[in-house]
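Asker: test case, fold it:
(chains A and B)
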Amino acid sequence: MKGWWRWALPLAAVPVLALLYWGLGQDQRRLPSALEGREAPAFRLADLYNPSDSVNLSDFEGKVVVLNYWASWCIPCIAEHPVLVRLRETYDPEEVALVGVLFQDTPANGMRFIEELGGEWPLVTDPGSRTAIEYGVYGVPETYFIGADGVVALRHDLAVTWDLVERKVDSLLVARRTAGPAGS
Amino acid sequence: MSRVAFAAAVLAAAGVALGAAPAAAQTVDGALDGIERPAAPGDPVRSAEIDQRTAEIGATLRCPICRQQSIAESSSRIAREMQDVIRTMLAEGRTPEEIEAYFVEAYGPWVLLKPRAEGMNLFVYAGPGLAFLLGGFIVARRLRRGRSPDEEAREEPATPDHLRKADRKWLEAAIRGS
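Answerer: So this is what the prediction gives:
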């Protein structure tokens, strides 16, 4: 066997081992979002409390939108709820909109959940999970941070923390303010 | 009724019953095969053809919850809802390619159980073939070069003036080096 073969065979294993190392380092439960960096899909969903009223994504044009998919049966949703309440209390609704989409749950259960834990922001239902599927939702909670330009900046697929919300919303607000009058 | 007529009637009835039995069984089987689930208000259009095509397309899409199952196999609610989306899109006249593109746009290429043969995915398709060819090449080289001394001795004339290839090479190198 010539000399280069002695090197070629172990070297061929290097990229395979590197790929294996990289793969084992990934959190297999988390999946990339296909929506980040793309325009958020438009929606028109019925209000949880008044189904004859609808909420459109376009209602929040020019604002930073935090779109949260949740359900009353979802334990992490209970854990993150105080963060959402704080978000609503901290930021100006004229700058930051928070919208909750009830996922695979009954309106009655959703209303009871909000009654117990509080929260005053637009809440909508999503029959057949059509909008959730369009957003590529895997499960709840999932939160989409949408910039004032309508582009999805981040999808977070576990309970949000205040650090994450503050960091992301602040950066989107800076982008909104620097975008000029069109984005303000 | 005469006895003959009675017997003929009995035979005819028996014949009808025997003949009808398989037909009835086929009908029952057919009814079970094509059993329709009750449609809920707002449900997409349902038909045997659309159900069949939905199952075919669903078999190519990964369930976001189960992940190792297709949405056609999965019994999770999101998988059923994704199938409803497929039904609606088929009823609207969308092609399977358009439906696949819709789900890829929402969930990314990950949602496809069979990755597209493009970009880095080409490695998945071509890798095994290339590895097989490379392995075959290496094995062939080793077989050609790495024969045992006994095998070489058997192939070469056993006369004193003939050296084994390996010995001759060593000798030639030694002469060149001296």
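Asker: check which helix or strand covers the closest residue to A:Gly119 other than its chain neighbours.
Answerer: Leaving out its chain neighbours, the residue that sits closest to A:Gly119 by CB to CB, 6 or more residues apart in numbering or on different chains is A:Val85, at 5.6 Å. (Glycine included, C-beta is placed from N, CA and C.) Using DSSP states H and E, A:Val85 sits within helix A:75-90.
Asker: what about that helix, distance to the chain center?
Answerer: Here helix A:75-90 is found 14 Å from its chain centre; the criterion is CA atoms, centre = their mean, to the nearest Å.
Asker: can you list contacts of it?
Answerer: Applying CB atoms under 8 Å, 6 or more residues apart in numbering or on different chains, the external contacts of helix A:75-90 come out as A:66, A:68, A:70-71, A:96, A:98, A:100, A:113, A:117-121, A:140-141, A:158-162, A:165-166, A:169.
Asker: hmm, try it at 6 Å
Answerer: A:70, A:98, A:117, A:119, A:121, A:140-141, A:159-160, A:162, A:165 (CB atoms under 6 Å, 6 or more residues apart in numbering or on different chains).
Asker: filter those residues to the buried ones?
Answerer: A:70, A:98, A:119, A:121, A:140-141, A:159-160, A:165 (16 or more other CB atoms under 10 Å in any protein chain shown).
Asker: any idea how far the residue of chain A at minimum distance from chain B lies from B:Val111?
Answerer: Taking CB to the nearest CB, chain B has its nearest neighbour within chain A at A:Ala34, 3.5 Å off. Here the criterion is CB to CB, to the nearest Å. By it, A:Ala34 lies 8 Å from B:Val111.
Asker: next SSE downstream of the lowest-mean-pLDDT helix or strand in chain B?
Answerer: One helix or strand of chain B scores below all others by mean pLDDT, DSSP states H and E: helix B:3-33, with a mean of 39. Where DSSP H and E defines the elements, the next helix or strand beyond helix B:3-33 is helix B:48-58.
Asker: might you report the residue contacts of whichever residue of chain B sits closest to chain A?
Answerer: Proximity of chain B to chain A (CB to the nearest CB) peaks at B:Gly108, 3.5 Å away. Counting by CB under 6 Å, 6+ apart, B:Gly108 touches A:Ala34.
Asker: what are the C-alpha coordinates of the helix holding A:Val85, in PDB please?
Answerer: Extracted in PDB, the C-alpha atoms of helix A:75-90 (Å, rounded to 0.1, in the frame of the first residue of the first chain):
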ATOM      1  CA  ILE A  75     -48.100  23.300  31.500                       C
ATOM      2  CA  PRO A  76     -45.200  25.500  30.100                       C
ATOM      3  CA  CYS A  77     -47.900  28.000  29.000                       C
ATOM      4  CA  ILE A  78     -48.800  28.400  32.600                       C
ATOM      5  CA  ALA A  79     -45.200  29.000  33.400                       C
ATOM      6  CA  GLU A  80     -44.700  31.600  30.800                       C
ATOM      7  CA  HIS A  81     -47.900  33.400  31.300                       C
ATOM      8  CA  PRO A  82     -46.500  35.900  33.900                       C
ATOM      9  CA  VAL A  83     -43.900  36.900  31.400                       C
ATOM     10  CA  LEU A  84     -46.600  37.700  28.900                       C
ATOM     11  CA  VAL A  85     -48.500  39.700  31.500                       C
ATOM     12  CA  ARG A  86     -45.300  41.600  32.300                       C
ATOM     13  CA  LEU A  87     -44.700  42.200  28.500                       C
ATOM     14  CA  ARG A  88     -48.100  43.700  28.200                       C
ATOM     15  CA  GLU A  89     -47.600  45.900  31.300                       C
ATOM     16  CA  THR A  90     -44.100  47.000  30.300                       C
END
